[in-house]
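Student: Coordinates only, no sequence provided:
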């Protein structure tokens with residue numbers, strides 16, 4: 001099968017192997033590594049266990065270009081294959097891996113500054129479900145981490161069964177950096193770290209974790225161009241550090257240390273793949289193809305139903321539950337009426353609004369009646385007050401007439417006509 005045909009055939013739960021396969025972890029790891037090694041990207045980049053590698057010579061732009069040629073893919077084709085074939089296949093394989101929960105995958109990315117470790121992760125994992133993907137970046141250990149074994153912080157980031165983890169730098173820093181000191185003690189520390197890593201990865205394989213180790217190799221010229229780009233673009237300034245230049249000035253020493261660590265830790269259950277990184281599209285396609293091949297080699301299966309589940313009994317139970325549904329549902333939960341002639345849907349809110357309107361009218365009527373009653377009461381009080389004043393005026397006139405005698409009797413009273 002070619003890398004372009006990275007389209008897995010789904011294995012359904014009808015397969016007798018669709019149940020748990022936790023017991024076959026080592027054989028699944030062997031299959032996965034063999035599948036990755038047999039791809040176009042794998043054949044061109046694998047470091048066969050027990051062989052030596054010259055990263056200084058192999059890391060020139062000319063040699064990296066020849067490695068790309070041996071892969072048999074060009075940049076434009078690689079970009080299309082990653083998008084159309086590799087990523088969709090990874091999405092399906094990840095779903096099956098998570099469903100089975102028998103194996104896990106750890107992708108270790110090493111590379112000097114500018115080789116594109118985080119960018120590779122972003123492109124390869126672009127369509128994966130983030131709920132079962134972990135990305136960890138390892139920088140210089142903190143004071144508390146430096147006091148514990150160097151693999152302790154690595155163990156905390158390992159993927160669970162059914163998950164995929166990406167390491168941006170890794171435990172291999174402890175097998176590379178001490179060599180740069182150029183002292184016998186540093187060399188002994190690097191060799192001890194390499195032995196510890198081999199035992200650690202062998203244990204992971206026995207537990208069902210496939211370790212895919214990739215060194216992203218960039219040429220001296222391309223790294224300079226990428227550093228120049230970081231200085232030129234303001235959105236890349238945060239990536240540039242002066243320490244990167246100091247490491248670059250020790251180019252040969254660094255690559256010799258990397259080669260020694262790779263030679264000491266490239267094993268049958270976890271070999272190294274050295275992928276050219278000058279061309280981003282080919283780099284992303286190569287790593288994606290290797291990961292796809294690893295997961296195809298694991299061949300995760302959708303699990304079958306457990307033995308205590310009888311599909312017919314479950315269906316009968318579902319039908320029974322539907323037939324015994326409450327019959328008075330209309331009384332408790334009003335059904336939504338259909339549309340009227342104008343196409344508008346009537347809702348129960350109309351009744352509520354009408355009720356509120358009627359209540360408003362009743363309240364307004366009561367208020368109006370109350371105002372009218374109050375007005376009548378006020379008019380009655382005013383009329384009674386005028387009548388009382390009129391009576392008091394006539395009484396006062398009578399008293400005046402009596403006091404004046406005959407003269408007062410001749411003065412007519414100005415009563416209101418009846």
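Tutor: Thanks, I have it. Being a predicted model, the structure only gives us computed values, none of them experimental.
Student: Residue 307: what's it in contact with?
Tutor: For residue 307, the contact set (CB atoms under 8 Å, 6 or more residues apart in numbering) is empty. Just so you know, the C-beta spots here come from the backbone N, C-alpha and C atoms, and that holds for glycine as well.
Student: any idea how far it lies from residue 318?
Tutor: 20 Å (CB to CB, to the nearest Å).
Student: Then residue 177?
Tutor: 61 Å.
Student: In the chain, where's the longest strand?
Tutor: Ranked by residue count, the top strand of the chain under DSSP state E comes out as strand 209-217.
Student: related to what we said a few turns ago, and residue 177 and residue 318? Which one has more around it.
Tutor: Taking other CB atoms under 10 Å, residue 177 and residue 318 do not tie; residue 177 has more neighbours (17 against 10).
Student: and the more buried one, that's in a helix?
Tutor: Yes: Residue 177 forms part of a helix when assessed by DSSP: H, G, I helix; E, B strand; the rest coil.
Student: helices or strands up against the one helix or strand residue 87 maps to?
Tutor: Element membership for residue 87, per DSSP states H and E: helix 87-100. With contacts defined as 3 or more CB pairs under 8 Å, 6 or more residues apart in numbering; DSSP states H and E, helix 87-100 has these neighbours: helix 280-298.
Student: Now find how far off-centre whatever helix or strand comes next after the helix it packs on is within its chain.
Tutor: Once the chain leaves helix 280-298, the next helix or strand it forms, by DSSP H and E, is helix 311-323. Here helix 311-323 is found 36 Å from its chain centre; the criterion is CA atoms, centre = their mean, to the nearest Å.
Student: Show residues contacting helix 311-323.
Tutor: residue 305.
Student: Go through that helix and flag the buried ones.
Tutor: By neighbour count on 16 or more other CB atoms under 10 Å, the buried set for helix 311-323 is empty.
Student: Averaged pLDDT, it. What do you get?
Tutor: For helix 311-323, the mean pLDDT works out to 87.
Student: likewise stretch 127-142?
Tutor: pLDDT averaged over stretch 127-142 gives 92.
Student: How far does it stretch from one end to the other?
Tutor: 33 Å (CA to CA, to the nearest Å).
Student: and if you look at stretch 157-171?
Tutor: Using CA to CA, the two ends of stretch 157-171 sit 11 Å apart.
Student: in the stretch 251-400 of the chain, what spans have low per-residue confidence?
Tutor: 325-400 (pLDDT under 70).
Student: Hmm, residue 126 is touching residue 87, no?
Tutor: Yes: using CB atoms under 8 Å, residue 126 is in contact with residue 87, at 6.2 Å.
Student: what residues are up against residue 126?
Tutor: residue 87.
Student: which element is it on?
Tutor: Per DSSP H and E, there is no helix or strand for residue 126.
Student: and it, backbone torsions?
Tutor: phi -60, psi -30 (degrees, to the nearest 10).
Student: now residue 221
Tutor: Taking degrees, to the nearest 10 as the convention, residue 221 sits at phi -70, psi -40.
Student: Next up, the contacts around the residue lying closest to it once chain neighbours are set aside.
Tutor: Nearest residue to residue 221, sequence neighbours excluded (CB to CB, 6 or more residues apart in numbering): residue 61, at 5.3 Å. Neighbouring residues of residue 61 by CB under 8 Å, 6+ apart: 219-222, 278.
Student: now with 7 Å?
Tutor: With contact set as CB atoms under 7 Å, 6 or more residues apart in numbering, residue 61 has these partners: 219, 221-222, 278.
Student: Which of these are buried, as a PyMOL select command?
Tutor: Per 16+ other CB under 10 Å, the buried members of those correspond to this PyMOL selection:
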select buried, resi 219+222+278
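Student: Same list as before, the contacts of residue 61 that is, but in CSV and with secondary structure included.
Tutor: Below are these laid out as CSV (three-state DSSP):
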residue, secondary structure
219, coil
221, helix
222, helix
278, coil
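Student: okay, among the contacts of residue 61, which ones form the most distant pair?
Tutor: 221 and 278 (8.3 Å; CB to CB).
Student: Let me see the ranges of the helices in the stretch 101-250 of the chain.
Tutor: 117-124, 143-146, 152-155, 173-176, 184-206, 220-232, 242-248 (DSSP state H, counting those that start in this stretch).
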